[in-house]
Each structure stands twice: as C-alpha cells, then as structure tokens.
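**Q** Need the 3D shape of this:
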Amino acid sequence: MAHPALQMAVRLVYPPRCTLCGVAVEDAFGLCGPCWRDTPFITGLVCDLCGAPLPGEAGPEAVHCDDCLVVARPWTQGRAVMRYDGNGRRLVLALKHGDRHDVVRPAGKWLAQSARPLLSGDALIAPIPLHWMRLLSRRFNQSALLSRALAREAGLSHIADLLVRHRRTRSLKGLDRATRHATLDGAIRVSPRHAPRLRGARIVLVDDVMTSGATFSAAAQACLAAGAADVCILALARAVRDA
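**A** Residues are numbered from 1 along each chain as shown. You can find the predicted model right below:
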C-alpha cells in the first residue's frame, strides 16, 4: 500500500477526475455528482436471475423478469450494475473500445456492491473469455479486467483463464435470441489445467454487457459440465427493453 504522504503528493500532481466528464472530484476514479445522477445504476427490485430492474418494492422473495420466465437459465443467480444506455453505455464503450482502463477501478467497486448476494467466501471469480484472434486484435479482455477488479475488492480468488473460447463465432449484434444461443452452443470450454479446482466450486462469471444471456449460458453450461456445484453471473451493464 502506498505511503499516505506519497498518495497526497500524487493527488496534488494528478488530482482525481470524473471518469466520464473529467471534472475534478474528491475521490479518485469516481464520478462527479451530475454524472453519478445521470448514470442508470440498477437499484431496488431486480430480477434474481439476470439483475434487470423491475417495478415494485424489493422483498424477501426472489422474482424473475419476463425474459427469465421464458428462457431457461443454467445459472442460479445474476446481477448487473447499470442499464446499458446513456452513461452506462458510454462507460462500457470507453473501456471496451476506447482503451479507458481507468474505468476498471470504480467499476470493480460497483461490481462488488451489486454482487453481494452472489458472493461467498469460497467463490471463484472468472471472466467470459475472448477468442484468441479477437484478444490479439483488441489486446486485452475487458471482462478479465473487470473480474480481476471485482476479485480484488471482494478478496476472492480470480482465475483469468478458467474458460477458453475455442471456436471463433460471428458477432451477435442484430441476431435474435435463438440464433445467439445457437451460435454460441459449445463455443466455450473449461481449461483442462483448471478443471480440478472447478469441481464442486461456486463460480461467479463476469462480463461487461448482458443482452440475451447467450454468452453467459454457454459459459455456465461449460462450468457445470466440468463439475461446478453452482454458477452465478454478473454484468457491468444489462441491456433492458423499455416497458
């Protein structure tokens, strides 16, 4: 941990800025008041399987959104930090395509807050993998950056290469739900070197965006087939249809 005097010196030279608009803020790697207000964080009653916001008051019983009532989910629980629109979309795209790795630190804190119902002391955190060709062109896996930040915040074990995307698939953008699931069927496997550690474990899978859930489904099915006892999913942003 950095010495307090060194931290103060760094703050004087490089004052903390809002991750979205760049104005000075009190806390490093945070959001200013207006950007925080305008960021669509998901709070209150949510779907227990995918984290989508729902109307009504949160209570002790788990509730599910229309999508999760129709589509079988291979995981047990799920959460998302924010809606994938407005500032939520800006943050995801800044990280994913703008090389804005400064988004990762605050995102790790937000993910840890949203993931509280999913985390246990022995949970293993793992990212949704990229195919090696896409990783080569992008140079980093944004989901791995997020999952590592979450594991650090939560004090849990992180396995960056638990899963392997062994088959390159076409972009899912614009595809319907059935085609998305068919495209990803069997595309993700558990790395053989980590299979022993996965057996009987609780796995928390992390991705930047959840849309249909097809990618999470393929990854969760791979974990369960390899012997995981339980799988939960966590997304920085959830694409949600307006009611």
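
**Q** so what's residue 238 closest to, chain neighbours aside?
**A** In this structure, residue 238 finds its nearest non-sequential neighbour in residue 80, 3.5 Å apart by CB to CB, 6 or more residues apart in numbering. All C-beta spots, glycine's among them, are computed from the backbone N, C-alpha and C.

**Q** Kindly report the domain assignment for the chain.
**A** Listed domain ranges for the chain are 1-38, 43-238 (source: automatic domain parsing).

**Q** okay if I get those as JSON lines plus mean pLDDT and mean neighbour count?
**A** As requested, the domains of the chain are exported to JSON lines (pLDDT from 0 to 100; neighbours: other CB atoms under 10 Å):
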{"stretch": "domain 1-38", "mean pLDDT": "71", "mean neighbour count": "13"}
{"stretch": "domain 43-238", "mean pLDDT": "92", "mean neighbour count": "18"}
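
**Q** isn't there a strand covering the residue nearest to residue 238?
**A** Yes: assigned with DSSP: H, G, I helix; E, B strand; the rest coil, residue 80 falls within a strand.

**Q** bridging residues for it?
**A** residue 235 (DSSP bridges).

**Q** wouldn't it be in contact with residue 114 here?
**A** Yes: the pair residue 80 / residue 114 is scored as a contact, 6.8 Å apart, by CB atoms under 8 Å.

**Q** between those two, what contacts are shared?
**A** Common neighbours of residue 80 and residue 114, using CB atoms under 8 Å, 6 or more residues apart in numbering, are 42, 51, 234.

**Q** what sits against the nearest residue to the first one once chain neighbours are set aside?
**A** With CB to CB, 6+ apart as the measure, residue 53 is the residue that lies nearest to residue 42, at 4.9 Å, once sequence neighbours are left out. Taking CB under 8 Å, 6+ apart as the definition of contact, the neighbours of residue 53 are 42-46, 83, 240.

**Q** let's see it at 7 Å
**A** Residue 53 makes contacts with 42, 44, 46, 240, as judged by CB atoms under 7 Å, 6 or more residues apart in numbering.
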